[in-house]
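[1] here are the coordinates; sequence isn't available:
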């Protein structure tokens with residue numbers, strides 16, 4: 001069974017940092033594009049960033065450029081989302097998602113992704 005499990009969410013003060021993890025089981029993550037998405041209260045789900053399995057090219061939303069980074073640890077079959085300089089507007093449930101596709105670019109559109117984790121809550125508040 002293919003499964004993604006996020007962890008690492010929590011409460012952090014504005015300006016703080018968190019690292020989210022997305023661990024895969026049942027498949028090898030390095031063959032899949034990985035996207036991180038978030039859904040804030042009362043808002044649509046947003047594609048935050050993604051990384052291509054074929055090229056390693058990343059694709060970031062403007063709202064997180066310079067603050068968030070994505071990385072892979074293929075040995076651990078895990079992808080990480082490092083979030084720095086967090087703002088209250090970053091408060092949301094964060095999801096990782098995976099898809100195997102032939103393009104060298106990844107896409108931050110949720111309909112492109114086949115497998116999803118259950119989400120982890122990130123709250124940025126003083």
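    Alright, I've got the coordinates. Quick caveat: nothing in here was measured; it's all calculated off a predicted structure.
[2] tell me which element the spatially most central residue of the chain is part of?
    Residue closest to the average C-alpha location in the chain (C-alpha atoms, centre = their mean): residue 36, at 2.3 Å. Following DSSP states H and E, one finds residue 36 within strand 33-39.
[3] Pairing partners for that strand, with directions?
    strand 46-51 (antiparallel), strand 92-99 (antiparallel) (DSSP bridges).
[4] you'd agree residue 71 is up against residue 58?
    No: here residue 71 does not reach residue 58: they are 9.4 Å apart, not a contact under C-beta atoms under 8 Å. All C-beta atoms are positioned from the backbone trio N, CA, C, and that covers glycine.
[5] what touches both of these two?
    residue 51 (C-beta atoms under 8 Å, 6 or more residues apart in numbering).
[6] higher neighbour count, those two?
    residue 58 (16 against 12; other C-beta atoms under 10 Å).
[7] quick one: pLDDT of the more buried one?
    Looking at residue 58, its pLDDT reads 94.
[8] Provide a list of residues in contact with the nearest residue to it once chain neighbours are set aside.
    Nearest residue to residue 58 in three dimensions, chain neighbours excluded: residue 51, at 5.0 Å (C-beta to C-beta, 6 or more residues apart in numbering). Contacts for residue 51 (C-beta under 8 Å, 6+ apart) come out as 33, 34, 57, 58, 59, 70, 71, 72, 79, 106.
[9] same thing with residue 83?
    Contacts for residue 83 (C-beta under 8 Å, 6+ apart) come out as 17, 18, 19, 20, 64, 67, 68, 90, 122.
[10] Tell me the buried residues within the residues you listed.
    18, 20, 64, 68, 90, 122 (16 or more other C-beta atoms under 10 Å).
[11] now the angle from the helix or strand bottoming out on mean pLDDT in the chain to strand 92-99?
    The weakest-scoring helix or strand in the chain, judged by mean pLDDT, DSSP states H and E, is strand 68-73 (a mean of 92). Angle, strand 68-73 to strand 92-99, by axes from the mean of the first three to the mean of the last three C-alpha atoms, to 10 degrees: 40 degrees.
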